[in-house]
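Student: heads up, no residue letters with this:
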């Protein structure tokens with residue numbers, strides 16, 4: 001048996017899920033603000049848990065890589081924060097530096113766009129097709145559907161809808177492989193985030209910092225998630241946006257199920273609204289490891305950590321072809337201006 005930890009770097013909290021095969025050994029959630037204030041917090045939790053491997057906070061993702069091999073290029077690719085935008089980069093950078101100093105057994109993992117199972121033509125002009133944490137939720141979905149319907153991992157087919165506190169994303173799975181995705185910053189409106197931005201609005205706004213991407217969601221209308229279903233305008237914008245994400249992905253797959261995860265999916269009435277508006281496949285909550293304090297992304301990260309450590313879920317990550325991930329999230333931008341960005345950050 002292997003002991004592992006999966007970390008979900010959420011907008012509101014960092015979740016830590018520890019597994020010894022299927023046994024829960026860690027179920028802890030820490031405020032994101034506390035993580036930013038104390039860069040040793042993540043390291044301390046890992047060291048106290050006596051583990052074989054952890055999947056670290058990977059952001060937009062990179063091909064599978066050990067922490068000792070992480071350099072400046074990788075830090076940029078996981079955060080996609082410009083050098084001139086200093087507000088949000090320091091805390092996470094310091095936490096990763098501490099883990100590296102302690103030589104902890106931490107791995108970083110890809111996002112959807114890095115997977116060879118996603119055809120290149122679906123990646124054009126995309127960066128966010130699903131961050132690493134959304135990929136983790138999808139891994140949990142593959143385990144769930146295979147277990148529930150008693151089928152092999154390579155026979156699973158569904159669309160994963162991840163309704164996070166910050167972003168809403170949707171990922172398509174066919175035969176156990178991720179084949180398409182709509183990320184939180186490239187899809188429809190989320191709770192905190194506006195989702196994709198009209199290009200004309202981006203032009204009018206001119207230069208803006210990373211913090212703007214976390215704004216403009218339905219939280220502007222319904223400040224608390226529990227208020228969402230009681231505010232008709234906010235509810236319709238949010239639920240219909242999620243439904244449109246799913247319907248867009250039906251161009252790529254014919255799902256057997258719609259699996260739902262994330263903090264907002266737990267709000268009373270949200271799942272019922274989705275079921276009313278989606279009739280192409282059954283809609284249900286994803287079933288994970290039944291932790292009490294952490295969300296599905298942390299459970300999925302722990303599952304992937306188990307596979308990377310050679311545990312019982314190694315066949316699952318082999319089916320997903322996670323170790324074959326390659327490239328960067330900037331490789332499929334068709335605008336010539338991307339060359340200057342690559343030169344500044346990637347060379």
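Tutor: Alright, I've got the coordinates. Keep in mind that what you see is a predicted model, and the values were worked out from it rather than measured. Numbers count the residues shown, from 1 in each chain.

Student: neighbours around residue 223, how many?
Tutor: Using other C-beta atoms under 10 Å, residue 223 has 12 other residues around it. In this view, the C-beta of every residue, glycine as well, is placed from N, C-alpha and C.

Student: And it, how far from residue 267?
Tutor: Residue 223 sits 13 Å away from residue 267 when distances are taken as C-beta to C-beta, to the nearest Å.

Student: Tell me the spacing between residue 149 and residue 265.
Tutor: In this structure, residue 149 lies at 21 Å from residue 265, with C-beta to C-beta as the measure.

Student: which stretch of helix or strand covers residue 171?
Tutor: Under the assignment given by DSSP states H and E, the secondary-structure element containing residue 171 is strand 168-174.

Student: which neighbours does that strand have in its sheet, and in what orientation?
Tutor: For strand 168-174, sheet partners with direction are given as strand 157-163 (antiparallel), strand 177-182 (antiparallel), following DSSP bridges.

Student: Any chance of those in TSV with mean neighbour count as columns?
Tutor: Compiled in TSV, the strands paired with strand 168-174 are given as follows (neighbours: other C-beta atoms under 10 Å):
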stretch	mean neighbour count
strand 157-163	28
strand 177-182	25
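
Student: Can you list the low-confidence ranges for the protein?
Tutor: The model of the chain has pLDDT under 70 over residues 86-91.

Student: Going by residue numbers, what spans are helices in it?
Tutor: Assigned by DSSP state H, the chain shows helices spanning 32-37, 41-49, 72-79, 90-101, 132-148, 199-205, 232-249, 270-277, 296-308, 314-320, 338-346.

Student: For residue 172, find the nearest of these.
Tutor: Taking C-beta to C-beta as the criterion, helix 232-249 is the member of the helices of the chain that comes nearest to residue 172, at 4.4 Å.

Student: related to what we said a few turns ago, dump the strands paired with strand 168-174 into TSV; add distance to residue 205 as well.
Tutor: Below are these laid out as TSV (distance: least, C-beta to C-beta, whole Å):
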stretch	distance to residue 205
strand 157-163	26
strand 177-182	22
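
Student: Ok, which of those strands comes nearest residue 256?
Tutor: Going through the strands paired with strand 168-174 one by one, with C-beta to C-beta as the measure, strand 157-163 comes closest at 4.9 Å.

Student: quick one: that closest one to helix 270-277, angle?
Tutor: Interaxial angle of strand 157-163 relative to helix 270-277 (axes from the mean of the first three to the mean of the last three C-alpha atoms, to 10 degrees): 130 degrees.

Student: Can you list the neighbours in contact with strand 157-163?
Tutor: For strand 157-163, the external contacting residues (C-beta atoms under 8 Å, 6 or more residues apart in numbering) are 134, 137-138, 141, 145, 168-175, 190-191, 242, 245-246, 249-250, 253-265, 270, 274, 281, 286, 296-297.

Student: Kindly report the same for stretch 194-213.
Tutor: Taking contacts as C-beta under 8 Å, 6+ apart, the residues outside stretch 194-213 that touch it are 80-82, 85, 87-88, 167-168, 184-189, 193, 215-217, 241.

Student: go on, stretch 21-35?
Tutor: Contacting residues not belonging to stretch 21-35 are listed as 1-3, 5, 9-19, 41-42, 45, 49, 91-92, 95, 289-294, 306, 311-312 [C-beta under 8 Å, 6+ apart].

Student: Enumerate the positions of it that are buried.
Tutor: In terms of neighbour count (16 or more other C-beta atoms under 10 Å), stretch 21-35 has its buried residues at 24, 25, 26, 27, 28, 29, 30, 32, 35.

Student: For those, give me TSV that also has distance to residue 336.
Tutor: Putting these into TSV (distance: C-beta to C-beta, whole Å) gives the following:
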residue	distance to residue 336
24	50
25	50
26	47
27	48
28	46
29	44
30	43
32	37
35	38
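
Student: what's the closest of those residues to residue 231?
Tutor: Minimum separation from residue 231 among the buried residues of stretch 21-35 (C-beta to C-beta) is found for residue 32, which lies at 25.2 Å.

Student: Check the spacing between the residue lying farthest from the centre of the chain and residue 341 real quick.
Tutor: Using C-alpha atoms, centre = their mean, the residue of the chain lying farthest from its centre is residue 204. It sits 29.4 Å away. For residue 204, the distance to residue 341 equals 21 Å [C-beta to C-beta].

Student: What residues does residue 57 make contact with?
Tutor: Taking C-beta under 8 Å, 6+ apart as the criterion, residue 57 is in contact with 7, 8, 9, 14, 42, 78, 92, 95, 96.
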